[in-house]
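Asks: Show me the folded form of this:
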Amino acid sequence: MIKTLSLTGAIHEWLQSSFSAGWANFIEWILIAVAYLTFFAVAGLLLVWMERRIAAFFQLRLGPNRVGPSGLFQTIADALKLLTKELTGTENADKFLYNLAPYFVIVAALVSLSVLPFSAELQAFDINIGVFFIMGVSSIGVIGVLLGGWASNNKYSLIGAMRSGLQTVSYELSVGLSILTMVLLSGSLRISEIVEIQRTGGWFILQGHIPAIIAFMIFMIAGTAETNRAPFDMVEAESELGAGFHTEYSGMKFAYFFLAEFINMFIIAAVAVTIFFGAYLSPFGITESLPWMGVFWFMIKVLIIIFLMMWFRWTFPRLRVDQLLTLEWKYLLPLNLMNIVLMAVVIWLNWTF
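Replies: Got it, this is the predicted structure:
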């Protein structure tokens, strides 16, 4: 019987046999970086196209349909336009911080991607505080937003940046507490262990009963707010602030902010799928017979959650700032705290499946 090696395992063994240990590890790091950068660019372009098509569907219009099949190459054409567009900015901007800000947003999104399990074999880093790591690193992105808004020397950019800081700090509490509720159920912060527990006991959305469902609903609301998407897009309220914090950005610097928003949406969806819906596990309880079946199920689940987030955008009107903060501090946060206690009671009485 021929033993089938996974793709990543085969590459690792070939590098170890062909190069010294130091060079093999260095080349592996380079390959991982290239793979994630490629995924970042491709996923961002596809999500932009998906957003446009879904928006057209909800608004009973066609959407992009000229460039490529079903307008699939439209976002590639837009990316080429941004690549060749002149980089402009205000004369009184703080040049160093103005140019540095987009990289905070990009790096935070890329590092967060590195611990997500696309399958049992495709996970760059599986650290013992994986969930806490994602929460910590993803919150760094708001620094780029604040720097970009302040360094642009534009009052609309500054207002957008301050709104972003206010919104992110507020809703990070609900995101973190909803995740903490599920960490109580799993008893682990390591992502691979969280997935394997769901392999034997079923998805956490089912194991945790009502507290898990409440945690998922809060996570989706707060996660949508964290990504500054409608109906929580006060940061980029076009009718008030132009483009918000990136009003003074153009070309690829604007594209960095634009792509990071969609990748952050992917990260929120991927975390929801990992913690609540078994990540790459089949919904039918079938063990993955092929190495890429895990990737297939993971991406299907993530796309469903992303569709739900896009559905939010084209259904609900934008909230006012006071409504935004009232929702978090008066409703979501107290509900989250009570839900954690409820989950602890469920676990203590062993009411989980």
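
Asks: So Met309 is in contact with Ile268, correct?
Replies: Yes - using CB atoms under 8 Å, Met309 makes contact with Ile268 at a distance of 7.4 Å. C-beta: built from backbone N, CA, C; applies to glycine.

Asks: Which neighbours do the two have in common?
Replies: The contact sets of Met309 and Ile268 overlap at Gly223, Thr224, Thr227 (CB atoms under 8 Å, 6 or more residues apart in numbering).

Asks: how far away is the nearest residue to the last one once chain neighbours are set aside from Tyr331?
Replies: Read it as Thr227. Leaving aside its sequence neighbours, Thr227 sits nearest to Asn264 (CB to CB, 6 or more residues apart in numbering; 4.7 Å). Separation of Asn264 from Tyr331 (CB to CB, to the nearest Å) stands at 23 Å.

Asks: what do you get for Asn153?
Replies: Asn153 is 37 Å from Tyr331, where distance means CB to CB.

Asks: The two - which one has more neighbours?
Replies: A side-by-side neighbour count of Asn153 and Tyr331, using other CB atoms under 10 Å, places Asn153 first with 16 against 13.

Asks: The residue nearest to Trp292 when sequence neighbours are not counted: neighbour count?
Replies: Leaving out its chain neighbours, the residue that sits closest to Trp292 by CB to CB, 6+ apart is Ser119, at 7.2 Å. Using other CB under 10 Å, the number of residues around Ser119 comes to 22.

Asks: Backbone dihedrals for Ser119, please?
Replies: phi -160, psi -180 (degrees, to the nearest 10).

Asks: And Ala124, by the same measure?
Replies: Torsion angles, degrees, to the nearest 10, at Ala124: phi -60, psi -50.

Asks: The helix or strand Ile306 falls within - contacts with which helices or strands?
Replies: Ile306 is part of helix 293-313, with elements assigned from DSSP states H and E. Helices and strands touching helix 293-313, as assessed by 3 or more CB pairs under 8 Å, 6 or more residues apart in numbering; DSSP states H and E, comprise helix 21-58, helix 209-226, helix 251-276.

Asks: same thing but 7 Å
Replies: helix 21-58, helix 251-276 (3 or more CB pairs under 7 Å, 6 or more residues apart in numbering; DSSP states H and E).

Asks: got CSV for these, with mean pLDDT too?
Replies: Shown next, in CSV, are the helices and strands packed on helix 293-313 (pLDDT from 0 to 100):
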stretch, mean pLDDT
helix 21-58, 90
helix 251-276, 92
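
Asks: tell me which residues in stretch 155-169 are buried?
Replies: Residues 156-168 are the ones in stretch 155-169 that count as buried (16 or more other CB atoms under 10 Å).

Asks: what's the spacing between it and its chain's center?
Replies: Offset of stretch 155-169 from its chain centre (CA atoms, centre = their mean, to the nearest Å): 20 Å.

Asks: Contacts for that stretch next, please.
Replies: 142, 145-146, 148-150, 225-226, 228, 232, 234-236, 241-242, 244-245, 247-248, 321, 324 (CB atoms under 7 Å, 6 or more residues apart in numbering).

Asks: What about the residues you listed, which are in helices?
Replies: Of the positions in the contacts of stretch 155-169, Val142, Val145, Leu146, Gly148, Gly149, Trp150, Ala225, Glu226, Leu241, Val321, Leu324 sit in helices, assigned by DSSP state H.

Asks: In terms of helices and strands, where is Ser170?
Replies: Secondary structure (DSSP H and E) places Ser170 in helix 155-186.

Asks: remind me which residues of the chain are low pLDDT?
Replies: Applying pLDDT under 70 to the chain picks out residues 1-8, 237-242, 285-291, 352-353.

Asks: From Thr84, how far out is the spatially most central residue of it?
Replies: Centrality entry for the chain: nearest residue to the mean C-alpha point is Ile267, 1.8 Å, by CA atoms, centre = their mean. Per CB to CB, Ile267 is found 29 Å from Thr84.

Asks: cool, Asp94 as well?
Replies: Taking CB to CB, one finds Asp94 at 26 Å from Thr84.

Asks: For those two, work out which one has more neighbours and name it.
Replies: Neighbours were counted for Asp94 and for Thr84 using other CB under 10 Å; Asp94 has more, 15 against 9.

Asks: Touching, Gly251 and Thr84? I think so.
Replies: No - Gly251 is beyond contact range of Thr84, at 8.2 Å (criterion: CB atoms under 7 Å).

Asks: any idea which element the nearest residue to Phe276 once chain neighbours are set aside lies in?
Replies: Distance criterion CB to CB, 6+ apart; nearest residue to Phe276, sequence neighbours excluded, is Ile205 at 4.4 Å. According to DSSP H and E, Ile205 maps onto helix 204-207.

Asks: hey, C-alpha coordinates of that helix in CSV?
Replies: Provided in CSV are the C-alpha atoms of helix 204-207 (Å, rounded to 0.1, in the frame of the first residue of the first chain):
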residue,chain,number,x,y,z
PHE,A,204,-20.1,24.2,19.1
ILE,A,205,-23.2,26.1,17.9
LEU,A,206,-25.0,22.8,18.7
GLN,A,207,-23.1,21.7,21.7
